[in-house]
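Chemist: got a predicted model here, sequence first, then my questions.
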Amino acid sequence: MIACVDVPALPLQLVWRDRPEWRALPVVILDEDHPQGTVLWACERARAQRILPGMRYAHALSLVGGLRAEVMAAPRITALVDELAAALRMCSPSVEVARITDRDATEGTFWLDGAGLARTFVDAPHEPAGTRWGQAIAAAVARLGVAAATIVGCTRFGTYALARAARGRGVMVVSNDVDERAAARQVPLARLDVAPKLRDALARLAVTTVGELVRLPAGGVLERFGSDAHRLYELAAGERWDPLVPEPPPDAPDERVLLDDPERDVDRLLFSIKAAVDRLLARLAARHRALTVLHLELTVQHGVHANAVQAVRAAHAIRPAAATLDGRGLLRLVRLRLEGAPLDELTPASGSNRNARSVGVIGVRVWADDQAATREQLNLFAQRPRRDLRAADEAVARLRAELGDDAVVKAVVRDAHLPEARFGWERFGQMVPAAPRPLRTVAGHSWRPLVRRVLMRPKLLPASSPHVRDDGWLINGLEHGAVVRIHGPFVVSGGWWAPGAGEVCREYHFAETRRGECLWVYFDRPRRRWFQHGAVE
Amino acid sequence: MSDRNGALLSFLNRAREGAAVGGARAAAAAAVISMDAMRVGAEPAVIAPGWSRDQLAGRLVELSGVGATAALSIAIGLVRGAQEQAEPVAWIALPSACFFPPDAADSGIDLDALVVVRVADAAVAARAAERLLRSGAFGLIVIDLGAETNVDVPAAHQGRLVTLAQQHDAAIVFVTEKTAEAASLGSLVSLRGEALRVRRADGGFTCQVRAIKDKRRGPGWAHEEILRAPAGLE
């Protein structure tokens, strides 16, 4: 027994779920928020006003003034798919999820394996087998505010074809293979995720349904339309082995902390636990789950002598009043539990060290039992950032008052030639959320560069004779060794166009010393002296 | 398949432990494991060593090296990692030298969101770090002491820094220039890494952090990254 759940127009349903008031309005989903953005999905109201997928956003707007549009980010769709999969796992342990990379289906299609579930979902005597299971699946999906079609049948392809034809409505149970195949053969090919080119080519031959496709000769389909068409043919004809490929459920997240030294103080221990609990809650929130039970495992060290040290695990299960993502409330419960269970009561159950006193906690592990989080819980969690940037600004202001205005700065990069002109320091204003940039690809690799340390005042180096420079130049004293390799020169010059401004002409080199240092040096041509400007570190 | 078996095994073990534990106060004694097993990592509760802000949070870390060192580049990598996690970062440096900002920008760092504090000496640096940590708003603070010799960060400062780092889940990284044989900044340093770089045949550099002191997992492990040379050093 297999069930297929098909959620039609998943991105549109996601928009309607978040903005119920848009259900009465024409809505489109765009690939980018730009007049030239392409319409990816259009609701029936928009379609009725001649807005079709593939149209430019500007064109669609010219047709309907009150058009509502949203750009759908792939992570949001993936999150909804994960949420649906988690809900469906309550109805079957084996759930296959169609991902965007699948050949046969788009996101929003799920298959469930019903083998062995007849005793869990018991049908009434007059009901076809799988009716109650199908209803449970439909109810699980409906609870998430999503419309879907649920087909309970015998094969993966048969249920899929029927689910696509049902257009997101109701539960259908097909009790035998023959009926399922007969029904699936009525399904138009246009309802399936068939490549448009293949669909149109078949349509020219008046092949528009699954049944008409399977009446064609298999060899001819392979020869004329290629392997993808042949694969579809075999699936439709039931000639191809098409097993369910369930995804393993995501691992239950856990967080661990190891402590430098055994800890007996509850307050200090709570700080360590707090960090782990915060990370755990963030991971749960990312999966749209809320914590129902916090499991806390403390590893307690017994004995102080190296040959008699043992670690004992103490497990605690802490249950908040309701499912929560509130870390502070949880920590209050953890404190009460720890204060009520002194470490001295923990003793090893066996071994030579039974009478040894506990020294303190050396490790903490937390994990959770969870359930689906409500939207309010997730919103509250999302609205509370992990770090308070205003507190950062206040700390910076205190530092500025103590050390002076110019002590707290930020670096700015400028467009210039001379290394010291390529950057500057500006007084730090307000803390902003960081937006690190993607790495540049150089010679096919996206590696970070080594970073140079720059001296604010270039250091004058001892003069060297050019003919001994590569094999005996003690650039930085004896302890650094002689220069063994030098890269350069890279000439930087400027100021020659402005009389009186002072001409600059430097020959930059990277000098590698015997000790391994890579110094960033230059020869100042007007002054005829060597300077160290920094080092690669 | 092995994942599912592992999950099932873990569930069964947990259920078995729960059954044995019974009441919370009597938690005691469900499982006894040897400290040796914990230290060598044979036991599943041991976290694999790693070099990321999350792994360094709540610890005082010293990153050092001489000669072919890559301490600054590795520290910049930590800054980038922290910024990717939306963790505010501060860089405390002495006035004589600092990272070359164009290289940091080239490493993907958002310089507008990086607080740079310029201080006179190591003691002031520690005090500045303390002030920033106390706000609870920073996830990583790098104290770049560069080539400064005779660095002395008073033990009292170090103690307060550790407490604040644990309290606010922040990592504190000192960048120093010293050999592996030299003593670390103090006994409160939880992890000391030696950062070295080795040129590769394809023009890149393998940068390695080798743990020479690790209070939690023991020394000896290493973390490697591949970096490219700055323009002109290829």
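Modeler: On my side now, so go ahead. Numbering: from 1, shown residues only, chains lettered A, B, ... in the order given.
Chemist: please count neighbours and contacts with C-alpha atoms only from this point.
Modeler: Fine.
Chemist: which secondary structure element of the chain has the lowest mean pLDDT?
Modeler: No chain specified, so I'll use chain A. Each helix and strand of chain A was given a mean pLDDT (mean pLDDT, DSSP states H and E); the minimum falls on helix A:469-472 at a mean of 58.
Chemist: oops, I was thinking of chain B
Modeler: strand B:32-34 (a mean of 34).
Chemist: would you mark the buried spots in the very next helix or strand once past the least confident helix or strand of chain A?
Modeler: Elements were assigned by DSSP states H and E; along the chain past helix A:469-472, the next helix or strand is strand A:483-494. By neighbour count on 16 or more other C-alpha atoms under 10 Å in any protein chain shown, the buried set for strand A:483-494 is A:483-484, A:486.
Chemist: and for stretch B:98-105?
Modeler: Of the residues in stretch B:98-105, those buried (16+ other C-alpha under 10 Å) are B:98-105.
Chemist: can you check stretch A:414-433 too?
Modeler: Using 16+ other C-alpha under 10 Å as the test for burial, stretch A:414-433 gives A:420, A:423, A:428, A:430-433.
Chemist: same check on stretch A:266-277?
Modeler: Across stretch A:266-277, burial judged by 16+ other C-alpha under 10 Å covers A:266, A:269-277.
Chemist: neighbours around residue 227, how many?
Modeler: No chain in the question, so chain A it is. A:S227 sits with 12 neighbouring residues when counted by other C-alpha atoms under 10 Å in any protein chain shown.
Chemist: my bad, the chain I had in mind was chain B
Modeler: Here the neighbour count serves as a burial measure; for B:L227 (other C-alpha under 10 Å) it reads 26.
Chemist: care to break chain B down by domain?
Modeler: The record's domain parsing of chain B by automatic domain parsing lists B:2-32, B:53-228.
Chemist: chain A too?
Modeler: Looking at automatic domain parsing, the domains of chain A come to A:2-25+A:66-183, A:261-383, A:395-449, A:452-536.
Chemist: A:K197 is nearest to which of these?
Modeler: domain A:2-25+A:66-183 (14.9 Å; C-alpha to C-alpha).
Chemist: can that closest one be said to contact chain B?
Modeler: No. Among the residues of domain A:2-25+A:66-183, none lie within reach of chain B under C-alpha under 8 Å from any C-alpha of the partner chain; the closest is 11.2 Å away.
Chemist: tell me if the helix ranked longest in chain A is near chain B.
Modeler: Under DSSP state H, the helix in chain A containing the largest number of residues is helix A:266-286. Yes. Applying C-alpha under 8 Å from any C-alpha, one finds helix A:266-286 touching chain B at A:268, A:271-272, A:275.
Chemist: and after that helix, which helix or strand comes next?
Modeler: Per DSSP H and E, the first helix or strand lying C-terminal to helix A:266-286 is strand A:289-302.
Chemist: not counting sequence-adjacent ones, nearest residue to the most centrally placed residue in chain B?
Modeler: When C-alpha atoms, centre = their mean is applied to chain B, the residue found nearest the centroid is B:L56 (3.7 Å). Using C-alpha to C-alpha, 6 or more residues apart in numbering or on different chains and skipping the chain neighbours, the partner closest in space to B:L56 is B:A171 (5.4 Å).
Chemist: check contacts around that neighbour.
Modeler: By C-alpha atoms under 8 Å, 6 or more residues apart in numbering or on different chains, B:A171 lies in contact with B:53-54, B:56-61, B:139-141, B:165.
Chemist: what's the closest non-adjacent residue to residue 207?
Modeler: All of this is about chain A. Taking C-alpha to C-alpha, 6+ apart as the measure, A:V207 lies nearest to A:L213, with 6.0 Å between them; neighbours along the chain are not counted.
Chemist: could you do chain B instead?
Modeler: The spatial neighbour of B:C207 that comes closest, neighbours along the chain excluded (C-alpha to C-alpha, 6+ apart), is B:R197 at 4.3 Å.
Chemist: ok, and what's touching the one helix or strand that neighbour maps to?
Modeler: According to DSSP H and E, B:R197 maps onto strand B:191-199. By C-alpha under 8 Å, 6+ apart, the residues outside strand B:191-199 that reach it are B:59-65, B:68-71, B:74, B:180, B:184, B:205-215.
Chemist: let's see it at 7 Å
Modeler: Outside of strand B:191-199, the residues that reach it under the criterion C-alpha atoms under 7 Å, 6 or more residues apart in numbering or on different chains are B:60-65, B:68-71, B:180, B:205-215.
Chemist: just these: which are in helices?
Modeler: With helices defined by DSSP H, the entries of the contacts of strand B:191-199 inside them are B:A71.
Chemist: quick one: contacts for A:V266?
Modeler: Contact analysis of A:V266 by C-alpha under 7 Å, 6+ apart lists A:L338.
Chemist: redo that, cut-off 10 Å
Modeler: With contacts defined as C-alpha atoms under 10 Å, 6 or more residues apart in numbering or on different chains, A:V266 is in contact with A:272, A:334-336, A:338-339, A:342-343, A:361.
Chemist: ok, and the most crowded of these?
Modeler: Neighbour counts for these, by other C-alpha under 10 Å, peak at A:V361, which reaches 26 neighbours.
Chemist: against which helices or strands is the helix or strand hosting that one packed?
Modeler: Assigned by DSSP H and E, A:V361 falls within strand A:358-372. Contacts defined by 3 or more C-alpha pairs under 10 Å, 6 or more residues apart in numbering or on different chains; DSSP states H and E place strand A:358-372 against helix A:74-88, strand A:254-263, helix A:266-286, strand A:289-302, strand A:310-318.
Chemist: what about the helix or strand following it, average pLDDT?
Modeler: Proceeding N to C from strand A:358-372, the next assigned helix or strand is helix A:375-383, under DSSP H and E. What helix A:375-383 shows for mean pLDDT is 73.
Chemist: how far does helix A:375-383 sit from the chain's center?
Modeler: 18 Å (C-alpha atoms, centre = their mean, to the nearest Å).
Chemist: and the buried residues of stretch A:414-433, which of them are in helices?
Modeler: Among those, no member falls in helices (DSSP H).
Chemist: before we move on, the earlier item: redo the contacts of A:V266 as a markdown table? Include pLDDT, distance to A:S175 and secondary structure.
Modeler: As requested, the contacts of A:V266 are arranged in a markdown table below (pLDDT from 0 to 100; distance: C-alpha to C-alpha, whole Å; DSSP: H, G, I helix; E, B strand; the rest coil):
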| residue | pLDDT | distance to A:S175 | secondary structure |
| --- | --- | --- | --- |
| A:S272 | 86 | 56 | helix |
| A:V334 | 92 | 52 | helix |
| A:R335 | 91 | 56 | helix |
| A:L336 | 90 | 56 | helix |
| A:L338 | 87 | 56 | helix |
| A:E339 | 85 | 59 | helix |
| A:P342 | 72 | 61 | coil |
| A:L343 | 69 | 60 | helix |
| A:V361 | 88 | 59 | strand |
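Chemist: ok, the residues you listed vs A:P320, which is closest?
Modeler: Using C-alpha to C-alpha, A:V334 is the member of these that sits closest to A:P320, with 10.1 Å.
Chemist: ok, that closest one - contacts?
Modeler: By C-alpha under 10 Å, 6+ apart, the residues touching A:V334 are A:266, A:270, A:273-274, A:294, A:296, A:316-319, A:328, A:340.
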